[in-house]
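1. Pasting the sequence and the predicted model now:
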Amino acid sequence: MAGTLSTTELNGLLIERVLDDSGKTELRLCPAERKEDRVPHRADVGNRPENGGFMSPKVENPDHILQFRAVGDSMVGGRRAGTTMHDSASINGFKTVKESSEDRAGLGGESIVTVMENEERGLRICQYLEPTAVPGTLRTWSSIQNHGNEPITMEHLTSFLMAGMTPFAVDDAPGRLFLHRFRSFWSQEGRHVCESLEDLHLIRSWAGFNVVSERFGQVGTLPVQQYFPFVALEDREAGVMWGAQLAWAGSWQMEVSRRADTVSLSGGLADFELGHWRKVLQPGESFTTPVAHLACVSGNLESLTHRLVKLQESLLTDLPESEESLPVMFNEWCTNWGSPTHDKTIALAKRLRGTGVKYLVIDDGWAERPKEARMQSNGDWILDREKFPQGMKALCDELRQMGFTPGIWFEFEVCNPGSKAFDETDHLLQRDGIPLQVGKRRFWDLNDPWAVDYLDDRMIRFLVDNGFGYLKVDYNDTIGIGCDHPDSIGEGLRRHVEGVHSFFDRIRTKVPGLVIENCSSGGHRLEPSMMGRTALSSFSDSHECWAIPIIARQLHHLMPPRQEQIWAVLYPEDDTARTVFSLAATFYGRMCLSGPVHDLTEGQMELLREAIKLYEEAAPIIKEGKTHFLGETPDNWNHPTGWSGICRTSGDESRALVVLHTFAEGPEDLHLELPLEGDWSIHSQFVGPSDQAFHLDGRTLDFKMGGDFRGSVFILSTEQP
């Protein structure tokens, strides 16, 4: 290495740009508090049989501050073509020409801009690092400008690239590096996976010349389909973690690369090989990647994800005033199962009046649909007058008079057979020149002014004219690899996601104060770009199963609990233990009730009122706090065993929320040392049958859980009773 180009301490991080002899610039991050713990790297591999032979093994194989590839340039050799688009001739033609800083964020720290140029082709790429309101975190992105005379076709450009890991090891850090990811599929969102780099086979070869990588991601418009757009690397011996979360609702990728002794993490838009993405950049044009959130902390996964979640919280702006208190909602989906009516809605409202429920949401089934369609016949959005003979305005007025904020369900981005919209093919996404259809769905082209005007009329005007204060936006399938665009189908997908973002921004502008729920078959859009445009998000389509508290707990790693809307479906046949289990799970985030509440007994309704009253007390801790994970995540979420929970402390650390659940073969008794300092007392609780007994001594909770599948909630205080 030629040496350090620059070193900056920003937002609690030591940021180094290290310049290689060949002109490569690496970005290295380290917690500023740990900078003295870094060690000099070895000069060679030492006393090994391969050392000193014909080919001297390399200990350093530097990376770039970003990766870029243009069509026509030589791909990387060394048996890597098809496994990565890194290190092509495109990026090797760039030289770092300058670094500058500018106060873009207004946070008391200046953003760092690294400028790279390819003079021969007239290309300039700027890589931005921006401080945030959360120590140990940064926002980053890349921007490319074509100052040349010829168009270029891009097929890869990273949003971020962190290199040189780990600075705390003199060698290749055997046995101490671990990769963290979160897997996901429908109704099973957020499974944490931790693998050693040895298990991933990301170990250096004897020579160190070749680079091996693990490229993963998701293709389509459900960004949380297989993995969350998240990656983290842990140096377990040093106790330091590096992590990244991408803010993007389309195809994306992450890449973990072993480069001789060190490791790099990178990510951004899915490249051509993974995401079918190519984009032509004409002379004078520029292009900017999606933003990534970076964090580097001393501590464990809980420490890292807490910072990234706090960063998401800090970026939530212009939330509706009603969201300040995290109101409880009732969604009638699991009550009427696609068949709401005026009378059913009023009956629910009368039953729920006085319980503390604020948002009352009408789900699918309110619009006309063909007789053969059971649900989700979208596109025309014509009110079913047989179900709502007085119209929606009369219903909304009556609900507001009863103290509720009325809500309505739309899946506005798609249309289904039987609707006239389904045949508006000139305004729908196309692939290969024909309407793109997935199952029974076609998709509006949200970059088409006609389609935007149509949805303005059919949805936005409907919301305003009828006085709705809550909008549940569903989205139940993905367009897959992309849609027609002159550059590539991957660019068609990227442009479509930009159109989706723009339309959500349009709704917020045209309907001020509207509470928008981000739902996508439950949790398929739980990423920062969509959560930042909405007030709250459906955590999952797990409505009634045992996995609900498991999923809800896992998502504390990935999203603000204040946005995590969790189902509690209540049935008259449920016993007290089952009712409390369901209601207790909602204390992981936002309480969303459903089910045939009009058939509940008065005893069950009293339990519901008790839970809501306690929830209102817990809301400030859910809204702003720090989560500590208790117990272990069950292995099989459909057949869970054991127990798990959280202890979430308030922002001022004077209150704590403890939520506990047992599953099959759960312990009868818990002796739990809570992650708190000082002496605490139980301020209030919500527990099940009388066989559950509890006692808190200082910060030690002794608790008789009472059996399998039990839930409990405690609010603790530093104030002694």
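-> Thanks, I have it.
2. Find the residue ranges of this structure scoring beneath the pLDDT cut-off.
-> 1-3, 53-54, 102-109, 721 (pLDDT under 70).
3. In it, which strand is the longest?
-> For the chain, the longest strand by residue count, based on DSSP state E, is strand 152-165.
4. Is the nearest residue to residue 521 once chain neighbours are set aside part of a helix or strand, or is it coil?
-> Among residues not flanking residue 521 along the chain, residue 476 sits closest, at 4.9 Å (C-beta to C-beta, 6 or more residues apart in numbering). In short, each C-beta sits where N, CA and C put it, glycine included. Following DSSP: H, G, I helix; E, B strand; the rest coil, we place residue 476 in the coil state.
5. Also residue 212?
-> From three-state DSSP, the assignment for residue 212 is strand.
6. Now the element after the helix or strand containing residue 125, going C-ward?
-> Element membership for residue 125, per DSSP states H and E: strand 123-131. For strand 123-131, the following helix or strand on the C-terminal side (DSSP H and E) is strand 137-146.
7. Contacts only, for the residue lying closest to residue 376 once chain neighbours are set aside.
-> Nearest non-adjacent residue to residue 376, counting by C-beta to C-beta, 6+ apart: residue 364, 5.7 Å away. Shown in contact with residue 364 (C-beta atoms under 8 Å, 6 or more residues apart in numbering): 333, 338, 375-376, 409, 411, 474.
8. picking that back up, so what's the gap between the strand holding residue 125 and the chain middle?
-> Relative to its chain's centre, strand 123-131 lies at 24 Å (C-alpha atoms, centre = their mean, to the nearest Å).
9. and if you look at stretch 9-22?
-> On C-alpha atoms, centre = their mean, the centre of stretch 9-22 falls 28 Å from the chain's centre.
10. on that earlier part again, can you list the strands that the strand holding residue 125 pairs with?
-> Sheet pairing for strand 123-131, assigned by DSSP bridges, gives strand 111-118 (antiparallel), strand 137-146 (antiparallel).
11. List the buried residues in the longest one.
-> Of all the residues in strand 137-146, those buried under the rule 16 or more other C-beta atoms under 10 Å are 137-142, 144-146.
12. Pretty sure residue 295 sits against residue 240.
-> No - using C-beta atoms under 8 Å, residue 295 is not in contact with residue 240; the gap is 11.0 Å.
13. Serialize the buried residues of strand 137-146 to CSV and add fields for distance to residue 229.
-> Putting the buried residues of strand 137-146 into CSV (distance: C-beta to C-beta, whole Å) gives the following:
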residue, distance to residue 229
137, 16
138, 16
139, 14
140, 14
141, 14
142, 16
144, 21
145, 26
146, 28
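14. Name the residues of stretch 510-522 that are buried.
-> Judged by neighbour count using 16+ other C-beta under 10 Å, the buried positions of stretch 510-522 are 511, 514-522.
15. Would you mind giving the residues you listed as JSON lines with secondary structure and distance to residue 90 added?
-> Shown next, in JSON lines, are the buried residues of stretch 510-522 (DSSP: H, G, I helix; E, B strand; the rest coil; distance: C-beta to C-beta, whole Å):
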{"residue": "511", "secondary structure": "coil", "distance to residue 90": "45"}
{"residue": "514", "secondary structure": "coil", "distance to residue 90": "44"}
{"residue": "515", "secondary structure": "strand", "distance to residue 90": "45"}
{"residue": "516", "secondary structure": "strand", "distance to residue 90": "40"}
{"residue": "517", "secondary structure": "strand", "distance to residue 90": "42"}
{"residue": "518", "secondary structure": "strand", "distance to residue 90": "36"}
{"residue": "519", "secondary structure": "coil", "distance to residue 90": "40"}
{"residue": "520", "secondary structure": "strand", "distance to residue 90": "35"}
{"residue": "521", "secondary structure": "coil", "distance to residue 90": "38"}
{"residue": "522", "secondary structure": "coil", "distance to residue 90": "40"}
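16. so, if you compare the residues you listed, which one comes nearest to residue 252?
-> Using C-beta to C-beta, residue 520 comes nearest to residue 252 of the buried residues of stretch 510-522, at 15.1 Å.
17. got a list of what the residue nearest to the closest one when sequence neighbours are not counted touches?
-> Excluding its sequence neighbours, the residue lying closest to residue 520 (C-beta to C-beta, 6+ apart) is residue 475, at 4.3 Å. Applying C-beta under 8 Å, 6+ apart to residue 475 gives the contacts 221-222, 411, 413-414, 519-521, 524-525.
18. Of these, select the buried ones using a PyMOL command.
-> Here is the PyMOL command that selects the buried residues among the contacts of residue 475 (16+ other C-beta under 10 Å):
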select buried, resi 221+222+411+413+414+519+520+521+524+525
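19. Please enumerate the strands of the stretch 201-350 of the chain.
-> Under the criterion DSSP state E, counting those that start in this stretch, the stretch 201-350 of the chain contains strands at 211-218, 230-235, 240-246, 252-259, 262-269, 279-281, 286-288, 292-298, 328-331.
20. who has more neighbours, residue 295 and residue 240?
-> Shown here are residue 295 and residue 240; by other C-beta atoms under 10 Å, residue 295 has more neighbours (28 against 24).
21. those helices in this structure, which residues are they?
-> 89-92, 272-275, 301-314, 333-336, 342-352, 391-401, 449-455, 461-466, 489-510, 528-531, 548-554, 576-585, 602-623 (DSSP state H).
22. Pick the most deeply packed of these.
-> helix 548-554 (a mean of 26; mean count of other C-beta atoms under 10 Å).
23. ok so, going back, kindly reformat the helices of the chain as JSON lines containing distance to residue 669.
-> JSON lines is the format used below for these (distance: least, C-beta to C-beta, whole Å):
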{"stretch": "helix 89-92", "distance to residue 669": "59"}
{"stretch": "helix 272-275", "distance to residue 669": "50"}
{"stretch": "helix 301-314", "distance to residue 669": "25"}
{"stretch": "helix 333-336", "distance to residue 669": "34"}
{"stretch": "helix 342-352", "distance to residue 669": "37"}
{"stretch": "helix 391-401", "distance to residue 669": "46"}
{"stretch": "helix 449-455", "distance to residue 669": "56"}
{"stretch": "helix 461-466", "distance to residue 669": "52"}
{"stretch": "helix 489-510", "distance to residue 669": "49"}
{"stretch": "helix 528-531", "distance to residue 669": "39"}
{"stretch": "helix 548-554", "distance to residue 669": "20"}
{"stretch": "helix 576-585", "distance to residue 669": "17"}
{"stretch": "helix 602-623", "distance to residue 669": "24"}
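24. which one of the ones you listed lies closest to residue 65?
-> Of the helices of the chain, nearest to residue 65 by C-beta to C-beta is helix 89-92, at 9.7 Å.
25. quick one: the closest one to chain centroid distance?
-> With C-alpha atoms, centre = their mean, you get 32 Å for helix 89-92.
26. now stretch 367-383
-> On C-alpha atoms, centre = their mean, the centre of stretch 367-383 falls 31 Å from that of its chain.
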